[in-house]
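J.: Turn this into a model:
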Amino acid sequence: MFKINESQVPYSNGKSGVKYLIDGPKAQLGLVVLPPGAGSETFGTHYHLEVDESFYILEGTAKVRIQGREVRLHPGDVLTVEKGERHRLENDGDAPLKAVFFKYPYIPGDRVEE
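T.: Here you go, the predicted model:
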């Protein structure tokens, strides 16, 4: 058994960024908070060689560029990005974006930056 509360893990940039709640051995699960406004923090364009990544939007809205196409996400939306698909997550809205992300299988370092 494994139990954790999100309050036990800090975000990578203080009040925003990424926090990993599960980091292996089978998958990664975490939260991301991005402040509002185009040009604020983003997940830069990248892809994974073997890992699929899913996002579940809790609060705010997201703009995802995936394979050159723009997809809008709203609370309750789930998006799965398959291995090899280039993607970028950003918050160009006027409220903070909070989302759950899930990466599977667990392969540390399986991220290629663009």
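J.: show me the contacts for the nearest residue in space to F2 that is not next to it in sequence.
T.: In space, and not counting its chain neighbours, F2 is closest to I22: 7.4 Å by C-beta to C-beta, 6 or more residues apart in numbering. The C-beta positions use only the backbone N, C-alpha and C, and glycine is treated the same way. For I22, the contact set (C-beta atoms under 8 Å, 6 or more residues apart in numbering) comprises 2, 4, 28-30.
J.: Name every sheet partner of the lowest-mean-pLDDT helix or strand in the chain and say whether each one runs parallel or antiparallel.
T.: Least confident helix or strand, the chain: strand 42-47 with a mean of 84, by mean pLDDT, DSSP states H and E. Note on strand 42-47: by DSSP bridges, its sheet partners are strand 87-90 (antiparallel), strand 112-113 (antiparallel).
J.: Out of those strands, which gets nearest to D52?
T.: Checking the strands paired with strand 42-47 against D52 by C-beta to C-beta gives strand 87-90 as the closest, at 11.1 Å.
J.: contacting residues around that closest one?
T.: Residues contacting strand 87-90 (C-beta under 8 Å, 6+ apart): 32, 34, 38, 40, 42-47, 53, 55, 62-67, 81, 99.
J.: so E59 touches V100, yeah?
T.: No. If you go by C-beta atoms under 8 Å, E59 and V100 don't touch, sitting 10.8 Å apart.
J.: These two - which one has more neighbours?
T.: Each of E59 and V100 had its neighbours counted (other C-beta atoms under 10 Å), and the higher figure belongs to V100 (16 against 12).
J.: what number of residues lie near V32?
T.: A count of nearby residues for V32, using other C-beta under 10 Å, gives 22.
J.: tilt between the host helix or strand of it and strand 42-47?
T.: Assigned by DSSP states H and E, V32 belongs to strand 28-34. Counting by axes from the mean of the first three to the mean of the last three C-alpha atoms, to 10 degrees, strand 28-34 points 130 degrees away from the direction of strand 42-47.
J.: Thanks a lot, see you next time.
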